[in-house]
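1. From the sequence below, what's the structure:
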Amino acid sequence: MTVESVQPETSVDPAELREPPLAGGAVPVFGHGLQLVRDPLDFMSSLRTHGDIVRLRLGPKTVYAVTTPELTGALALSPDFKIDGPVWESLEGLLGKEGVATANGPLHRRQRRTMQPAFRMDAIPNYGPIMEEEAHALTERWRPGTPIDCTSESFRVAVRMAARCLLRGDFMDERAERLSTDLATVFRGMYRRMVVPLGPLYKLPFPANREFNRALADLHLLVDEIVAERRASGQKPDDLLTALLEAKDDNGEPIGEQEIHDQVVAIITPGAETIASTIMWLLQALAEHPEHAEKVRAEVESVTGGQPVGFEHVRSLRHTNNVILEAIRLRPAVWILTRRAITDTALGEYRIPAGADIIYSPYAIQRDARSYDRHLDFDPDRWLPERAKEVPKYAMSPFSVGNRKCPSDHFSMAQLSLITAAITAKYRFEPADDSDDSVRVGITLRPDNLRLRPLPW
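-> As a prediction, this is how the structure comes out:
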């Protein structure tokens, strides 16, 4: 039995459960939605001062915000809550209702069984040659002293790795650029729809709505192209797309076309968005903290003996992986998540009614001064074994826990380790004159317009 399978218990008598306090600052009609639009990171980070759980108003809806590591862990592990709520409702236009990211219950369990073999520990080394090729190709495209657009470069490598490893497709740079542009528009529009749920207004032909609809349509067209190309080829490589095309439902029948479509979207889109955003923040951290970039370079050289870094070196890159963890801690790509209560239940000392939406922020949890010494410092050494044990449980869960834990966690860390090692072995970085690393907030976090100049060591 694992900790993820254990339902957290509460020692509070049901009669003593309380209603969470209402956060201040709500305004008529919009509630707290305007605060979530204007400065969402600061707003979510401020909520713990009002309680372990607080109530928010988003338009006409009441939402419960969970603010402590312990209760976010309990929320993720309890069977009384399911994947649903404002984030997932806003994502349904992209991810559909039949993909592993948004499905619940028996459908979700069957889909995870289909996908899991592709992400087993013993399967990941098979992706090593592709990961190595793409990581080194990234550095070979760059020219010393010439600024790089970190957004397009990060998406390009993230999309190509995912497509070549999991879908065995030969997807050229044009498709990665197309996906990057579409995702930026879609995720920005989805965030607005989540925090200011104005329903019919988003169907009016305003320029922002037309741009959103065009980008969303193009994303789905791209997925249809990928599936159609595989079917037409007649090929059945040992990859995730073949597993989907040959998967059976609970009655032994082939799964439907919509489920295949939604599953491919779930493979490419969230993974590309989150990995690309993390690569951007890693590049920003390497430029801002050259002392850690130098430690990564020295570690890579020591581990590889001066040879090109490969998949077999990943486990030995201790400081490199700690740099990645610290970048994820301070700038998690997925900064906000939601659940929905299936039944009348409790979290901590508070009563949660059936159907209630619950929201929490990994960004706020992972930057909380109650959990981390010098909480805003970039300090990769906090993940050394002797210090990591000081971090409270669930204060750092970058891939979630329980039955919603990301199945590709080891795959993702291998990608990030190889990319970080490959680029840092060859280059140090400094900001270009027109670079802007301020945070752009959507469903995910990314730098606004990060442009860096790669320089030889």
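2. Quick one: find the helix or strand in the protein with the lowest mean pLDDT.
-> Scoring the helices and strands of the chain by mean pLDDT, DSSP states H and E places helix 86-95 at the bottom, with a mean of 64.
3. any chance you could map the strands in this structure?
-> In the chain, the strands defined using DSSP state E lie at 53-58, 61-66, 81-83, 148-149, 337-341, 345-347, 350-352, 357-360, 427-431, 436-441, 445-449, 451-456.
4. The shortest one packs against which elements?
-> Here strand 148-149 touches strand 451-456, going by 3 or more C-beta pairs under 8 Å, 6 or more residues apart in numbering; DSSP states H and E. Every C-beta, even on glycine, is put in place using the N, C-alpha and C of the backbone.
5. Tell me the strands beside the strand it packs on, with direction?
-> Here strand 451-456 is paired, per DSSP bridges, with strand 148-149 (antiparallel), strand 427-431 (antiparallel).
6. now the shortest one, how far from the chain's geometric center?
-> On the basis of C-alpha atoms, centre = their mean, to the nearest Å, strand 148-149 is displaced by 22 Å from the centre of the chain it belongs to.
7. contacts for it?
-> If you take C-beta atoms under 8 Å, 6 or more residues apart in numbering as the criterion, strand 148-149 is touched by 142, 451-454.
8. Could you do stretch 380-396 as well?
-> Stretch 380-396 has contacts (C-beta under 8 Å, 6+ apart) with 69-70, 72-73, 76, 292, 319, 321-323, 325-326, 329, 365-366, 368, 371-373, 401.
9. Just the buried residues of it, please?
-> For stretch 380-396, the neighbour count (16 or more other C-beta atoms under 10 Å) marks 380, 382-383, 391, 394-396 as buried.
10. so what's Phe81 closest to, chain neighbours aside?
-> Arg339 (4.1 Å; C-beta to C-beta, 6 or more residues apart in numbering).
11. circling back: now mean neighbour count, mean pLDDT and distance to Arg193 too, for the strands of the chain, in JSON lines please.
-> As requested, the strands of the chain are exported to JSON lines (neighbours: other C-beta atoms under 10 Å; pLDDT from 0 to 100; distance: least, C-beta to C-beta, whole Å):
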{"stretch": "strand 53-58", "mean neighbour count": "22", "mean pLDDT": "93", "distance to Arg193": "11"}
{"stretch": "strand 61-66", "mean neighbour count": "22", "mean pLDDT": "93", "distance to Arg193": "13"}
{"stretch": "strand 81-83", "mean neighbour count": "20", "mean pLDDT": "86", "distance to Arg193": "18"}
{"stretch": "strand 148-149", "mean neighbour count": "18", "mean pLDDT": "96", "distance to Arg193": "27"}
{"stretch": "strand 337-341", "mean neighbour count": "22", "mean pLDDT": "91", "distance to Arg193": "13"}
{"stretch": "strand 345-347", "mean neighbour count": "21", "mean pLDDT": "94", "distance to Arg193": "26"}
{"stretch": "strand 350-352", "mean neighbour count": "22", "mean pLDDT": "95", "distance to Arg193": "24"}
{"stretch": "strand 357-360", "mean neighbour count": "23", "mean pLDDT": "93", "distance to Arg193": "14"}
{"stretch": "strand 427-431", "mean neighbour count": "18", "mean pLDDT": "98", "distance to Arg193": "33"}
{"stretch": "strand 436-441", "mean neighbour count": "16", "mean pLDDT": "92", "distance to Arg193": "14"}
{"stretch": "strand 445-449", "mean neighbour count": "20", "mean pLDDT": "92", "distance to Arg193": "18"}
{"stretch": "strand 451-456", "mean neighbour count": "17", "mean pLDDT": "98", "distance to Arg193": "29"}
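12. What are the boundaries of the helices in the stretch 351-457 of the chain?
-> Under the criterion DSSP state H, counting those that start in this stretch, helices of the stretch 351-457 of the chain are mapped to 362-366, 385-388, 409-426.
13. okay if I get the ones you listed as TSV plus mean pLDDT and distance to Glu211?
-> Shown next, in TSV, are the helices of the stretch 351-457 of the chain (pLDDT from 0 to 100; distance: least, C-beta to C-beta, whole Å):
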stretch	mean pLDDT	distance to Glu211
helix 362-366	96	27
helix 385-388	95	43
helix 409-426	96	30
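14. Tell me which of these lies nearest to Ala137.
-> Across the helices of the stretch 351-457 of the chain, the minimum distance to Ala137, taken as C-beta to C-beta, is reached by helix 409-426, at 9.3 Å.
15. So which elements touch that closest one?
-> helix 128-141, helix 150-162, helix 257-288, helix 290-304, helix 318-330, strand 451-456.
16. In stretch 261-276, which residues are buried?
-> For stretch 261-276, burial by neighbour count (16+ other C-beta under 10 Å) applies to 261-276.
17. Same question for stretch 243-259.
-> Under the neighbour-count criterion of 16+ other C-beta under 10 Å, stretch 243-259 has 243-245, 247, 255, 259 buried.
18. what's the answer for stretch 146-162, then?
-> Under 16+ other C-beta under 10 Å, the buried positions of stretch 146-162 are 147-151, 153-162.
19. swap in stretch 208-223?
-> Buried-residue list, stretch 208-223, by 16+ other C-beta under 10 Å: 212-213, 215-216, 218-220, 222-223.
20. If anything else comes up later, I'll come back, but that's it for now.
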